[in-house]
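Chemist: Please find the sequence and the predicted model below.
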Amino acid sequence: MTENLSLAETIDLQIRANGPMSVASYMGLCLTHPREGYYRTADPLGSKGDFITAPEISQMFGELIGFFFVNLWQQMKEPRSFTLLELGPGRGTLMQDALRVASRADGFSNALHLQLFETNAELKAQQQSRLGEYTPYWASEIDAVSDDPLFVVANEFFDALPIRQFVKAESGWHERLVGLKGDTRVFGLSPTPIPPSAMPEAVRDAAPGEVYEANLAAADVMTRLSRIIARQGGAFLAIDYGYARTRTGETLQAISKHAYVDPLHSPGAADLSAHVDFGALGEASRAAGLVAHRVTGQGDFLRRLGIVERAEMLTRANPDQAETIAAALRRLTDSAEMGELFKVFVAASPGLEPPGVLPLA
């Protein structure tokens, strides 16, 4: 019976029955399969997991995010009720640090409705432990929010949404698919070419061999939430590795135990991700009525918010932790570490001036 098959066997059976599947379908099964999906099982974060995110590196990251949202709340004349939604909250570390700072602003906590979008049961338990005092609500739908102003934060969320890949061949663009060669999963191309008009203008003239990655799921999330923000007021903050403008480039990767592995080898056992096309997210937010601000590096964003000064304060208060604090500051902001690889994207209601980012030239 199919319910007794492993995830790998399920994928192979689907390919044999229906033919090769899209990269997006393969990623979706690997990451969110009900029993063996990567994000449905154990905690993937930390030194014992597969990767470490910025909030786990230092409290400074989340604290500055807290300041970011307090600043916007104050610009909006401190509404008495608003929703703060985090997409993919991990262990709840970012939000715990953010709200520790934000709650110092008079009226912020009383006005706050904390909403979390999470599918991992183990991580939900950790989020409850860290954030229980704020009475969080876990939504089953990403846009199931109230009619109040809405602030959204998504740190390393969009990179894990399934992408489709298209490869330019001599005969035109073809979608990359996952199929079988004997009993081995392999990549191949659909024989049916994609009409050039269906491709973004920025990539239509790409040379043979180049790859374009389309994240339709990310665009859908941005569109749905941007429409709500445009109607109710607020802002969307996304931090992830990616690129500011739509372009070609193959970025799909699989990571297990902090090392790169074959994405087709062990479905569900590794984190699959791809760089985020912030240009496409900007187009989606603008089409919904928001102002998309200039994409900036994480290092510049954090420095503008005051991370250097915060590090100095922490060092004075904890001189025995000076080396650890300095190392965390470098990792978060240095161009050779996370400072340039990770980008910051903000889309906000017209009239708001989000701190840490610049308007489009």
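Modeler: Arrived safely. Since the structure is predicted, the reported quantities are computational estimates derived from the model, not experimental observations.
Chemist: show me the residues around the residue nearest the centre of the chain that make contact.
Modeler: Compute the mean C-alpha point of the chain, and by C-alpha atoms, centre = their mean the closest residue is Phe157, 2.0 Å away. Contact analysis of Phe157 by C-beta atoms under 8 Å, 6 or more residues apart in numbering lists 87-88, 238, 240. From N, CA and C alone the C-beta is placed, and that goes for glycine too.
Chemist: go on, Gln96?
Modeler: Here Gln96 is in contact with 62, 130-131 (C-beta under 8 Å, 6+ apart).
Chemist: show me where the stretch 251-361 of the chain has strands.
Modeler: With DSSP state E, counting those that start in this stretch, the ranges of strands along the stretch 251-361 of the chain come out as 253-256, 259-261, 271-273, 276-277, 291-292, 296-297, 342-348.
Chemist: what's the most buried one of the ones you listed?
Modeler: strand 276-277 (a mean of 29; mean count of other C-beta atoms under 10 Å).
Chemist: Run the chain-centre distance for it.
Modeler: Relative to the centre of its chain, strand 276-277 is centred 9 Å away, using C-alpha atoms, centre = their mean, to the nearest Å.
Chemist: Give me the sheet partners of it and which way each runs.
Modeler: strand 234-243 (parallel) (DSSP bridges).
Chemist: Restricting to C-alpha, output the partner strand in PDB.
Modeler: Coordinates of the C-alpha atoms in strand 234-243 are reproduced here as PDB (Å, rounded to 0.1, in the frame of the first residue of the first chain):
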ATOM      1  CA  GLY A 234       1.900  48.000   7.600                       C
ATOM      2  CA  ALA A 235       5.100  46.600   6.200                       C
ATOM      3  CA  PHE A 236       6.800  43.400   5.100                       C
ATOM      4  CA  LEU A 237      10.400  42.600   6.100                       C
ATOM      5  CA  ALA A 238      12.200  39.700   4.400                       C
ATOM      6  CA  ILE A 239      15.800  38.700   5.000                       C
ATOM      7  CA  ASP A 240      17.300  35.900   3.000                       C
ATOM      8  CA  TYR A 241      20.100  35.100   0.600                       C
ATOM      9  CA  GLY A 242      19.300  36.100  -2.900                       C
ATOM     10  CA  TYR A 243      19.700  38.800  -5.600                       C
END
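Chemist: buried set for that strand?
Modeler: Judged by neighbour count (16 or more other C-beta atoms under 10 Å), strand 234-243 contains these buried residues: 234-242.
Chemist: What is the neighbour count of Leu99?
Modeler: Residues near Leu99, counting by other C-beta atoms under 10 Å, number 26.
Chemist: surely it meets Gly66?
Modeler: Yes: between Leu99 and Gly66 there is a contact at 6.2 Å, judged by C-beta atoms under 8 Å.
Chemist: And the residue nearest to Thr93 when sequence neighbours are not counted, what's its pLDDT?
Modeler: Once flanking residues are discounted, Thr93 sits nearest to Pro55: 4.2 Å by C-beta to C-beta, 6 or more residues apart in numbering. pLDDT, Pro55: 96.
Chemist: so Pro55 touches Gly88, yeah?
Modeler: No: assessed by C-beta under 8 Å, Pro55 is found out of contact with Gly88, at 11.3 Å.
Chemist: list residues touching both of those two?
Modeler: With C-beta under 8 Å, 6+ apart, Pro55 and Gly88 have common neighbours Asn155.
Chemist: More neighbours: which of these two?
Modeler: Counted by other C-beta under 10 Å, Pro55 and Gly88 do not tie: Pro55 has more neighbours, with 25 against 22.
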